[in-house]
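K.L.:
give me the fold of what follows.
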Amino acid sequence: MSKGSPISPALLAARPAPPAAPARETAATPVVPVSAVRGSNTVVAPTEMLGSAAIVRSLEELGVDDVFGLPGGAILPTYDPLLASTKLRHILVRHEQGAGHAAQGYAMVTGRPGVCIVTSGPGATNLVTAIADAHMDSVPMVAITGQVSSAFIGSDAFQEADIVGITMPITKHSYLVTKAQDIPRVLAEAFHIATTGRPGPVLVDIAKDAQQSTMIFSWPPKVDIPGYRPVMRGHSKQVREAARLISGSQRPVFYVGGGVVKAHASAELKELAELVGAPVVTTLMARGVFPDSHDQHVGMPGMHGSVSAVTALQQADLLITLGARFDDRVTGVLSSFAPNAKVIHADIDPAEISKNRTADVPIVGSVKEIIPELTAAVRESFGTQERPDISAWWRTINHLRETYPVGFTQPDDGLSAPQQVIKRIGELTGPEGVFVSGVGQHQMWAAQFIQYERPHAWLNSGGLGTMGYSVPAAMGAKVGNPDRVVWAIDGDGCFQMTNQELATCVINNIPIKVAVINNSSLGMVRQWQTLFYEGRYSNTDLNTGHDTVRVPDFVKLADAYGCVGLRCERDEDIDATIQQALAINDRPVVIDFVVSRDSMVWPMVPSGVSNDLIQIARNMTPTWEQED
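P.N.:
The predicted model follows:
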């Protein structure tokens, strides 16, 4: 799996930087910025300092404000000058995985790279899950790890792990730095790689002796990376061909993925979509990039997507694919996905083009650049020929929207419907809030039942599906957007994996709100056991909810961490409990929403079947016949 233009392993971090070659700014060639170094590019005259001080100074010059980390022996030299920094706010996490997810959450809401710092060995390996998560979801992140002294590398020294080798498949690039003099350049390169092209994580592993050695610091360093030249502008011929296909399509659909969010191209997308007038579907990673309230938005596609969105893709004659990757959760059985559709595929990562579905019109480049070019080409095409009549297509789509809306049934066990809880959280908080989910049923319900009107309001672990993502990512999001209400919508299983970061939130005055959707089980696993394993519930009961021993008691746990702990067990208390949480802004709030364990996520496309077999409830499929 590729995540951008390949570059060589960074064991050669000590190489001298060659002079930068001038870039040719043509439609099909890379566009290189004036400076590849982030920040203000303040000129710093050569100054002698330790490598550890150079790390801190480099981060300051790169414009970093917030760092999430946990010290240990191999990174300890850097934590000494970090204490004296007046520009960097270091947030001490309680687990290295939390540092990584917090950096992700920060990056997702700010658009700036998240930064985390941990020590060698187990500290670095604890960070691996978050790095893999950022890699799958294209989140810009720079992870700095300490390493044993260079003389001991490869000797199985205390707390040594080959973190460069471990992370090479799950980063855009991994560096090993053994010389202090290389630190400014390597960090500048790391930030450039993480934030350009297809965003992603970069690891910088710095030996302890490099941190303790004296070097001459100057700024800005020269950054030129041979072989790494992301293409930003689409080829004009391909753009014109895409416009031609759009002008001739009777059943077009915009298939919009998370790449449009990462490119900050929401406004550009809206202009193009309104010009074409076609239905728009937004994937799990793209929720909010096109407003849910817009009449052209027909839902989320995929395994738990709406009938209207899934069927629109299946019956389309043209997919206008922007920043999406045709992943298996959207396509179902790939051979049966959108069988009669031609495909326009615009993506900044050339490796994604035709990887899963052959593109009839491939366009490599940033959708931020491509969409306006395509808009202009379509407008020109519409001006020279009759626009296609897609009214019959819209009649089909509207029939599906009206007949098969996403909904839920009230549980028959007397407990609250989790969908109702999540729906009211969204409605009472409003579209300016930030909603960060864990992974499982509550993730799908949060994607389905909260209305998203803007990008960067919805955060989740999409590609890797990491349980434990929610609380630390919400913490990072609140640091990045301190004036917004930030909800961690979590499951009772996910919450128990990383809830120690509540201590971080309390100590650092990060007042997130946590909604634990407590069905006393690993809900999505239990749903599959119900549907496909004849109700044999093997190891999915967590004993946290109604009529159990409640281990742990989430209200008591919240109190122990210094948070406000609330519990809601009745429908009539849902709104009041949410409003009480919204009124508390001086500390984190944890709400134990005790809900029915029998609620399921619908619609659903069972694994291994065509999207045409979507179910709206157990053993119930839509009726496709439509009367005129």
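K.L.:
excluding chain neighbours, what is closest to D612?
P.N.:
In space, and not counting its chain neighbours, D612 is closest to Q314: 5.9 Å by Cβ to Cβ, 6 or more residues apart in numbering. Using the backbone N, CA and C atoms, a C-beta is placed for each residue, glycine as well.
K.L.:
who does the helix or strand that neighbour falls within touch, helix- and strand-wise?
P.N.:
Element membership for Q314 (DSSP states H and E) is helix 307-315. Where contact means 3 or more Cβ pairs under 8 Å, 6 or more residues apart in numbering; DSSP states H and E, helix 307-315 is packed against strand 252-256, strand 280-282, strand 297-299, helix 391-403.
K.L.:
now do the last one against helix 307-315, angle only.
P.N.:
Counting by axes from the mean of the first three to the mean of the last three Cα atoms, to 10 degrees, helix 391-403 points 140 degrees away from the direction of helix 307-315.
K.L.:
can I assume A143 sits in a strand?
P.N.:
Yes: if the criterion is DSSP: H, G, I helix; E, B strand; the rest coil, then A143 is within a strand.
K.L.:
surely V204 meets F191?
P.N.:
No: V204 lies out of contact with F191 (Cβ atoms under 8 Å); the separation is 9.7 Å.
K.L.:
hey, what's in contact with both of the two?
P.N.:
In terms of Cβ atoms under 8 Å, 6 or more residues apart in numbering, V204 and F191 are both contacted by the residues V142.
K.L.:
about what we covered before: contacting residues for the residue nearest to D612?
P.N.:
Contacts of Q314 by Cβ under 8 Å, 6+ apart are F337, A338, P339, N611, D612.
K.L.:
before we move on, the earlier item: right, so of the helices and strands packed on helix 307-315, which gets closest to R484?
P.N.:
R484 lies closest to strand 280-282 among the helices and strands packed on helix 307-315, at 20.7 Å (Cβ to Cβ).
K.L.:
what helix or strand is F68 located in?
P.N.:
Assigned by DSSP H and E, F68 belongs to strand 66-70.
K.L.:
which residues in the stretch 301-450 of the chain form helices?
P.N.:
Along the stretch 301-450 of the chain, the segments classed as helices by DSSP state H, counting those that start in this stretch run 307-315, 328-331, 367-384, 391-403, 418-429, 441-449.
K.L.:
deepest in the core, which of those helices is it.
P.N.:
For the helices of the stretch 301-450 of the chain, the largest average neighbour count (mean count of other Cβ atoms under 10 Å) is found in helix 441-449, namely a mean of 26.
K.L.:
P405: how many residues sit nearby?
P.N.:
12 (other Cβ atoms under 10 Å).
K.L.:
mind listing what it touches?
P.N.:
S306.
K.L.:
pLDDT at it, what is it?
P.N.:
Per-residue pLDDT puts P405 at 95.
K.L.:
which phi and psi does Q410 have?
P.N.:
The phi/psi pair for Q410 (degrees, to the nearest 10) reads phi -70, psi 130.
K.L.:
wait, it sits on A417?
P.N.:
Yes: between Q410 and A417 there is a contact under Cβ under 8 Å: 5.7 Å.
K.L.:
who has more neighbours, the two?
P.N.:
A417 (19 against 14).
K.L.:
wait, the more buried one touches S599, no?
P.N.:
Yes: in this structure, A417 is within contact of S599 by Cβ under 8 Å, at 5.9 Å.
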